[in-house]
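Have a look at this fold, sequence not included:
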């Protein structure tokens, strides 16, 4: 496995010295935000992790090489280049073998992080069961990855465009604990309360690390979801954003947009309909998740 991975010097040093490392996804850079906000956000996430006594490892595939830690130039490349593949589990073998470039989704980031020995990952929101999945069978590979790959994922819940209730049912079936970070409410990305609860409330990073450590110590493979709500001052009105999402979903259905293209389209449409307010909320929640992930990684290292 090691022969496929390139570590940045910062990550290599951290692993050698036993320092905490936090993985970051790259789909948000290539497909989640416009330039230059994508680069600014990626670098701010890395800085927040460093300020909390951990080392950032932004994950991607470049020229067929798995990357655990990116340079500033590599982040700029992913942010600007056209045709970067949105890469999940099924895509990894082809991207590596054909020496292509790929931005890692939650599932792909978890896989590469696990191969690189990184146990904590900060993202915006995980994928889940899409609305109308009973007809389309559109269920994110993120959920299966959480069932099998032992990486803790700090997120602001699932994206509001999904069927949150069915997503939580799926996670329960797969044995994935959902921990609410200082909350008993499961967040919904742009809002701090989806109307659903979490499995367990954790009071702080040490409490979360204890549960994560116990799960893997018991030999129970698979991930843990740490649901960390967007800070209340940035949380959008639930009724307002729900109506915006319905409008965006109707537009996607009208255009026949499905599969990998659906989430980037919806996020862009929601940004347009909210006059950029949703993008600001997205940035705030990703930074907040990076902060909490670094604290959990630090506690896991103790």
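That came in fine, so what should we check first? Keep in mind that what you see is a predicted model, and the values were worked out from it rather than measured. Numbers count the residues shown, from 1 in each chain.

who's in contact with the residue lying closest to residue 140 once chain neighbours are set aside?
Excluding its sequence neighbours, the residue lying closest to residue 140 (C-beta to C-beta, 6 or more residues apart in numbering) is residue 127, at 2.7 Å. Using the backbone N, CA and C atoms, a C-beta is placed for each residue, glycine as well. Contact partners of residue 127, counting by C-beta atoms under 8 Å, 6 or more residues apart in numbering, are 105, 106, 107, 140, 141, 142, 143, 158, 159, 162, 263.

The last one reaches residue 162, doesn't it?
Going back to what we said before, that points to residue 263. No. If you go by C-beta atoms under 8 Å, residue 263 and residue 162 don't touch, sitting 9.2 Å apart.

distance between the helix or strand of the chain with the lowest mean pLDDT and the chain's centre?
Across the helices and strands of the chain, mean confidence by mean pLDDT, DSSP states H and E is lowest for helix 133-136: a mean of 80. Distance of helix 133-136 from its chain centroid, counting by C-alpha atoms, centre = their mean, to the nearest Å, is 24 Å.

Could you measure from residue 158 over to residue 38?
Separation of residue 158 from residue 38 (C-beta to C-beta, to the nearest Å): 21 Å.

go on, residue 169?
To residue 38, residue 169 is 33 Å away according to C-beta to C-beta.

Comparing these two, which residue is more hemmed in?
residue 38 (22 against 12; other C-beta atoms under 10 Å).

Show the average pLDDT along the top helix by length along the chain.
Across the chain, the longest stretch assigned as helix under DSSP state H is helix 277-301. The average pLDDT for helix 277-301 rounds to 97.

Packing partners of it?
In terms of contacts (3 or more C-beta pairs under 8 Å, 6 or more residues apart in numbering; DSSP states H and E), helix 277-301 is packed against strand 21-24, helix 37-51, strand 120-122, strand 152-155, helix 205-217, strand 224-227, helix 262-273.

can you give me the angle that helix makes with helix 37-51?
Helix 277-301 runs at 30 degrees relative to helix 37-51, counting by axes from the mean of the first three to the mean of the last three C-alpha atoms, to 10 degrees.

quick one: the nearest residue to residue 124 once chain neighbours are set aside from residue 280, how far?
Of all residues not flanking residue 124 in the chain, residue 286 sits nearest, at 4.9 Å (C-beta to C-beta, 6+ apart). To residue 280, residue 286 is 11 Å away according to C-beta to C-beta.

do residue 179 as well
In this structure, residue 179 and residue 280 are 26 Å apart, going by C-beta to C-beta.

And those two? Which one has more around it.
residue 179 (22 against 14).

partners of that one in the sheet?
Note on residue 179: beta-bridge partners by DSSP bridges are residue 200, residue 226.

how many neighbours does residue 191 have?
So residue 191, with other C-beta under 10 Å, has 25 neighbours.

now it: how far from residue 160?
Residue 191 is 7 Å from residue 160, by C-beta to C-beta.

Quick check: neighbours shared by those two?
residue 241.

Who are the contact partners of residue 180?
186, 197, 198, 199, 200, 201, 202, 227.

Emit the ChimeraX select command for whichever of those are buried.
If you want just the buried ones from the contacts of residue 180 in ChimeraX, going by 16 or more other C-beta atoms under 10 Å, the selection is:
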select :186,198,199,202,227
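
Save the contacts of residue 180 as TSV, and put in distance to residue 10 and pLDDT too.
Below are these laid out as TSV (distance: C-beta to C-beta, whole Å; pLDDT from 0 to 100):
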residue	distance to residue 10	pLDDT
186	34	98
197	38	98
198	33	98
199	34	98
200	33	98
201	34	98
202	28	98
227	29	98
